[in-house]
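Participant: Build me a model:
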Amino acid sequence: MIVVVHAHPYPARSRACAALLAALADVPELHVRSLYRLYPDFDIDAAAERQALEGARLVVLLNPMYWYSVPALLKHWFDVVLVKGWAYGEGGGKLAGKGCLWAVTTGGDDPAFSAEGRHGRPFEDFAPPIERTARYCGLRWLEPFVVHGAHLVGDEALREAGTRLRERVMEHAR
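Facilitator: Numbering: from 1, shown residues only. As a prediction, this is how the structure comes out:
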């Protein structure tokens with residue numbers, strides 16, 4: 001089973017995350033947990049989230065980049081779902097060995113994520129907090145899947161990105 005943890009605060013406005021989700025729609029044994037739909041009040045059912053994760057071979061974190069990190073509800077999800085005694089520490093390790101793919105969209109285009117660009121650093125410099133969270137919980141960190149300039153990318157490029165993401169995810173569906 002594959003679990004997609006989708007965290008976009010404004011999913012109706014998201015062309016990029018919507019295109020990526022659409023590309024995954026018929027992947028066998030794929031379950032989408034749309035956090036902002038499930039928990040608009042931020043009152044996360046941690047037990048339900050853990051149950052969803054326990055049977056997964058792959059966890060996909062699908063979200064837009066917000067201030068060089070993840071949206072608030074996904075950060076809160078980390079805090080209440082990935083707890084000591086379940087995700088790590090004594091009695092933990094429930095996620096050990098499962099793959100973790102961060103599928104992220106950014107507002108900045110490729111050149112913006114460079115030493116000379118608007119953000120002054122390559123994209124890879126912003127991934128460590130998410131990567132360390134995953135690795136601390138025993139997840140196998142996979143190379144992130146990134147769509148830069150999400151609001152600028154044309155429909156065909158988004159379909160191609162969706163196809164590439166689908167191919168990455170399908171490697172774990174077999």
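
Participant: drop to CA atoms for contacts and neighbour counts, all remaining ones
Facilitator: OK.

Participant: Convert the lengthiest helix in the chain to PDB, retaining C-alpha atoms only.
Facilitator: Counting by DSSP state H, the longest helix found in the chain is helix 155-170. Extracted in PDB, the C-alpha atoms of helix 155-170 (Å, rounded to 0.1, in the frame of the first residue of the first chain):
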ATOM      1  CA  ASP A 155      -0.600  22.300 -18.500                       C
ATOM      2  CA  GLU A 156       1.500  20.000 -20.600                       C
ATOM      3  CA  ALA A 157       4.500  20.300 -18.300                       C
ATOM      4  CA  LEU A 158       2.300  19.600 -15.400                       C
ATOM      5  CA  ARG A 159       1.000  16.400 -17.100                       C
ATOM      6  CA  GLU A 160       4.600  15.400 -17.800                       C
ATOM      7  CA  ALA A 161       5.500  16.000 -14.100                       C
ATOM      8  CA  GLY A 162       2.500  13.900 -13.100                       C
ATOM      9  CA  THR A 163       3.700  11.100 -15.400                       C
ATOM     10  CA  ARG A 164       7.200  11.200 -13.800                       C
ATOM     11  CA  LEU A 165       5.800  11.200 -10.300                       C
ATOM     12  CA  ARG A 166       3.500   8.300 -11.200                       C
ATOM     13  CA  GLU A 167       6.500   6.300 -12.500                       C
ATOM     14  CA  ARG A 168       8.400   7.000  -9.300                       C
ATOM     15  CA  VAL A 169       5.400   5.900  -7.100                       C
ATOM     16  CA  MET A 170       4.700   2.800  -9.300                       C
END
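
Participant: helix, strand or coil for the residue of the chain most remote from its centre?
Facilitator: Within the chain, residue 116 marks the point farthest from the mean C-alpha position, 27.1 Å out by Cα atoms, centre = their mean. Classification of residue 116 using DSSP: H, G, I helix; E, B strand; the rest coil returns coil.

Participant: Show the pLDDT at it.
Facilitator: Here the pLDDT value assigned to residue 116 is 91.

Participant: Residue 26 now?
Facilitator: The model reports residue 26 with a pLDDT of 93.

Participant: For my notes, confirm it occurs in a strand.
Facilitator: No - under three-state DSSP, residue 26 falls outside any strand and is assigned coil.

Participant: how near is it to residue 130?
Facilitator: 27 Å (Cα to Cα, to the nearest Å).
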